[in-house]
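Peer 1: Here is my input; please provide its structure:
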Amino acid sequence: METYSHELFEALREISSDVDIHKPCYPIHGRPSLARLTTFFLGASWTLIRNRGVYGAVLIGDFAIAGLALVAKIASSGKTRVVVSLHGNDLYFLKRRSIKARIYRLVARAVIKSNTIDAGLANSHAIKRTADSIGIRGVRVVALGTSVPHPFPRSPIRNAILFAGRLIKYKGLSWFVQEVWPNMDPAMELLVAGTVWDRQEYDCIKSRSRIHYLGSLPRDQLSALRSQVMACIMPNLPPEAQEQDEGFGLSALEGPAVGTPTVATRCGGLVDAIADGITGFLLPPLDPGEWVRCLNEISGWSDAKRDDFASKAREYVVEHYNWKWVAEQTLRVLNGNDSPHTETADAPHPDKLVD
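Peer 2: A predicted model of the protein is given here:
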């Protein structure tokens, strides 16, 4: 959400000077606490009330704070158009059985029934299907973007693969380590970068040979590392095996942005994030044999083959996943203009929310 909001705001400013942003006073890393969400909600509410009548449209950056739609409509006497961005965790949390999730569902149902959300921006077709199923109206699909860095100085490709992301069960790292890794080349290394959200995922890798945990890395270091490995992996578990799914998978773009293929499970938003055979490879869920085959094939690429892939992958990402395009499509939705690149569909009644 933080990366999305920052990059989108900067891109919107490039094409429209008349745009404001309300953001937390301090960066939020990881899952925000209820106190941080409440503080942000109150601050944003005051901004909307203080500037009532100023904003023709408001983009709410996450469904977790969709209650701001009510505030925006009341403050503007219903004149402000309200659009909500939909990412993944903000919707998948509705499926949980905890007390917090039950309260969240009650709030979500109230907001949806209030008809104060004019449109939703889903970053993948998987998110759109989930949003449709709970009754959010006018959902359009606008994929995320990424920044393509200048080519890094050419260095020998390491016989290594990289997992970059949160260590949480649905991202499938422990499955990969248990089911795929024992069958890989003994000379190959697995590099793991990201914050630990699930201790069991970390425990699964800490005592394994040839697996190196690097912690959470700054973005520039991570980009450089992606350019040095032979492949980036996203072995996500399918929703049938795990309650949560990948909303989009921004990391899937960041490998090919530096010329490295992303190998991922064909599930959730990863289908939107990866152009199969161009920026990476989509594999059947829970199929260790296909993972071993694909990674061994990439490991055997010649320098010419690798350079050809890198050139085409970077070109594709620049053309199809840039923030300027995302900003243009977002602005169309904020202005209420239909776009041939977006989609909308009638949604069921909000009572379809899980109880």
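
Peer 1: For the protein, which segments count as helices?
Peer 2: All helices of the chain, identified by DSSP state H, fall at 2-15, 34-50, 68-75, 89-92, 99-113, 125-133, 173-179, 199-206, 219-228, 251-254, 270-273, 288-299, 303-320, 323-334.

Peer 1: contact partners of the helix-or-strand element of the chain with minimal mean pLDDT?
Peer 2: When each helix and strand of the chain is scored by mean pLDDT, DSSP states H and E, helix 89-92 comes last, with a mean of 82. With contact meaning Cβ atoms under 8 Å, 6 or more residues apart in numbering, helix 89-92 is reached by 62-64, 127, 130-131, 134, 243-245, 247. (Glycine included, C-beta is placed from N, CA and C.)

Peer 1: now with 7 Å?
Peer 2: 62-64, 127, 130-131, 244-245, 247 (Cβ atoms under 7 Å, 6 or more residues apart in numbering).

Peer 1: How many neighbouring residues does the closest residue to residue 84 other than its chain neighbours have?
Peer 2: Sequence neighbours aside, residue 60 is the residue nearest to residue 84 in space, at 4.6 Å (criterion: Cβ to Cβ, 6 or more residues apart in numbering). Applying other Cβ atoms under 10 Å, we find 22 residues neighbouring residue 60.

Peer 1: check contacts around residue 60.
Peer 2: If you count contacts by Cβ under 7 Å, 6+ apart, residue 60 has them with 66, 68-69, 82, 84-85.

Peer 1: distance of it from residue 211?
Peer 2: Separation of residue 60 from residue 211 (Cβ to Cβ, to the nearest Å): 40 Å.

Peer 1: Repeat that for residue 141.
Peer 2: Note on residue 141: its distance to residue 211, by Cβ to Cβ, is 36 Å.

Peer 1: And residue 131, by the same measure?
Peer 2: Separation of residue 131 from residue 211 (Cβ to Cβ): 37 Å.

Peer 1: more crowded one of the two?
Peer 2: Higher neighbour count among residue 131 and residue 211: residue 131, with 25 against 17, using other Cβ under 10 Å.

Peer 1: thought the more buried one was touching residue 120?
Peer 2: Yes. In terms of Cβ atoms under 7 Å, residue 131 counts as a neighbour of residue 120; the distance is 5.4 Å.

Peer 1: Name all residues that sit in contact with those two at the same time.
Peer 2: Taking Cβ under 7 Å, 6+ apart as the contact rule, residue 131 and residue 120 both touch 86, 139.

Peer 1: Mean neighbour count, the helices of the chain: which tops it?
Peer 2: Highest mean neighbour count of the helices of the chain: helix 251-254, a mean of 26 (counted as mean count of other Cβ atoms under 10 Å).

Peer 1: who touches that helix?
Peer 2: The contact list for helix 251-254 (Cβ under 7 Å, 6+ apart) reads 146, 164-165, 223, 226, 234, 262, 264, 270, 273-274, 280, 317, 321.

Peer 1: Out of the residues you listed, give me the two with the largest separation.
Peer 2: Of all pairs drawn from the contacts of helix 251-254, the greatest distance, 19.8 Å, lies between 223 and 270 (Cβ to Cβ).

Peer 1: Could you give the average pLDDT over stretch 255-270?
Peer 2: On average, the pLDDT along stretch 255-270 is 94.

Peer 1: Can you show me the CA trace of it as CSV?
Peer 2: Extracted in CSV, the C-alpha atoms of stretch 255-270 (Å, rounded to 0.1, in the frame of the first residue of the first chain):
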residue,chain,number,x,y,z
GLY,A,255,12.8,-9.3,-11.3
PRO,A,256,12.2,-8.8,-15.1
ALA,A,257,12.6,-5.0,-14.5
VAL,A,258,16.3,-5.8,-14.1
GLY,A,259,16.3,-8.6,-16.7
THR,A,260,15.8,-11.6,-14.4
PRO,A,261,12.9,-14.1,-14.8
THR,A,262,10.3,-14.5,-12.1
VAL,A,263,9.1,-18.1,-11.7
ALA,A,264,5.8,-18.2,-9.9
THR,A,265,2.7,-20.3,-9.2
ARG,A,266,-0.1,-19.8,-11.6
CYS,A,267,-2.6,-18.5,-9.0
GLY,A,268,-4.2,-15.2,-7.8
GLY,A,269,-2.9,-11.9,-9.1
LEU,A,270,0.4,-13.5,-10.3
